[in-house]
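>>> let me see the structure of the following:
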Amino acid sequence: MRITAEKTEAPGQEGLYAPGIDHYSSPQRRDAVKKLWEEPVTFAILQAALEQVPRSGNLSVMDIGCGAGEGLHLLKALRATRSLPDLPRLSYRGLDLDEGLLRLAARTHHDEDDAEFWHGDIRTDIPEEPFDIYLSCGVPYSHLTADELQSTLSRLFRQVKQNKAQSVVVIDVLGRYSLEWVPNWGLTRWPYRMNFFHSEQQADTVPMTFWDAHTLSSCVRTASAAAGCPVKRQRLFDRSIMVGRHTATGQFNPGLPPYRLLVNRLENGMAVAADELRMPQVPDDAPDSIRMFYAGFRRQWNDVLDVMAQRASNLPPAVAALMLARGLRAVEHKLASGLGTGHSLTAVITLDGRG
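Purely as a prediction, here's the structure:
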């Protein structure tokens with residue numbers, strides 16, 4: 001284990017994630033929603049990436065915007081909880097600008113023999129050596145403008161081409177059409193604040209870019225053409241449609257019910273009135289694909305509430321709460337379509353640079 005810190009901190013980055021150090025070391029971060037609603041989607045993303053990697057004795061992972069090393073934690077958890085004993089030996093490298101998070105990552109993963117955390121900028125400092133998976137989680141690419149992301153992906157794809165490798169790139173960004181920020185749906189970049197951090201320190205407001213399936217896929221295609229590195233396969237995943245952390249803060253859509261808080265109560269066996277959980281309609285001026293998605297989602301979500309409201313009187317309150325949570329969770333996991341309607345949108349891109 002080592003940290004290399006050879007790059008210069010970018011302007012405005014120093015201390016940006018100071019509250020994040022508290023957050024990522026807090027046991028409160030892994031609430032019931034994270035464990036039961038979000039992490040299964042994250043594991044599905046990782047499994048989709050692993051399926052595209054030829055199995056050998058070693059799996060090399062470059063975690064871009066690694067922060068506190070959450071990607072390494074998830075890979076280890078996937079091996080432990082998803083019964084994947086054949087997961088190859090892991091060689092892990094993390095890259096991030098925040099030295100405080102990198103130090104936390106090193107402390108957290110001090111027992112990993114083949115894990116290193118590098119200080120650098122994802123726009124310029126992706127290493128030349130080949131990796132099987134270029135991972136990202138925690139929406140690091142949303143810090144970039146659309147032009148910066150296209151340039152960064154072009155550089156990364158070009159590196160895969162030069163290495164004559166088959167690699168998987170996982171691109172994690174904020175979803176443009178999340179219910180958490182309906183008033184900002186008309187914008188693609190706006191001031192964002194992670195005030196959901198479990199910290200007494202105030203999180204700074206920073207500009208972030210928000211993506212939907214069309215714009216992200218277009219960016220990937222342009223980068224692929226510029227690099228001359230074909231995309232062999234692409235899959236898109238939405239995560240946290242109804243339970244994103246800003247449903248609890250009300251920061252960007254104050255009229256939205258605090259779904260994450262309410263669902264956490266359900267998942268802990270506490271009763272919640274069905275009317276508190278009902279899903280609202282989305283604006284009529286939303287794109288057709290987004291309106292159609294939410295119309296179907298709303299119908300099934302509210303149907304679960306109606307059915308369980310009828311059954312609840314014949315069940316112990318805790319049992320009714322857990323059954324309702326399970327039913328709502330099934331709707332979210334079944335209907336997520338990768339449109340950019342979740343808190344985050346993730347693309348799993350398989351590149352073939354061997355031609």
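>>> ok, residue 159 - contacts?
Counting by CB atoms under 8 Å, 6 or more residues apart in numbering, residue 159 touches 126, 128, 130. C-beta: built from backbone N, CA, C; applies to glycine.
>>> residue 119 versus residue 100, what's the distance?
Distance, residue 100 to residue 119, using CB to CB, to the nearest Å: 11 Å.
>>> try residue 210
From residue 210 to residue 119 the distance is 27 Å (CB to CB).
>>> so the two - more neighbours on which side?
residue 210 (23 against 19; other CB atoms under 10 Å).
>>> I'd say that one and residue 176 touch.
Yes: in this structure, residue 210 is within contact of residue 176 by CB atoms under 8 Å, at 4.0 Å.
>>> can you confirm residue 77 is in a helix?
Yes: assessed by DSSP: H, G, I helix; E, B strand; the rest coil, residue 77 belongs to a helix.
>>> who's in contact with the nearest residue to residue 75 once chain neighbours are set aside?
Spatial nearest neighbour of residue 75, excluding adjacent residues (CB to CB, 6 or more residues apart in numbering): residue 90 at 6.2 Å. Each residue near residue 90 by CB under 8 Å, 6+ apart is listed here: 58-59, 61, 72, 75-76, 114-115.
>>> residue 232 too?
By CB under 8 Å, 6+ apart, residue 232 lies in contact with 52, 166, 350-352.
>>> mind listing what's buried in the host helix or strand of residue 330?
Element membership for residue 330 (DSSP states H and E) is helix 317-335. By neighbour count on 16 or more other CB atoms under 10 Å, the buried set for helix 317-335 is 320-325, 327-329, 331-332, 335.
>>> which pair in those residues spans the largest distance?
The largest separation in the buried residues of helix 317-335, counting by CB to CB, is between 320 and 335 at 22.8 Å.
>>> for residue 164, give its distance to residue 349.
17 Å.
>>> what does residue 302 give?
35 Å.
>>> check residue 295 too.
30 Å.
>>> who's more crowded, those two?
More crowded of residue 295 and residue 349, by other CB under 10 Å: residue 349, with 27 against 11.
>>> overlap in contacts, residue 210 and residue 176.
Common contact partners of residue 210 and residue 176 (CB under 8 Å, 6+ apart): 188, 340.
>>> can I assume residue 213 is in contact with residue 341?
No: using CB under 8 Å as the test, residue 213 is too far from residue 341 to be in contact (9.2 Å).
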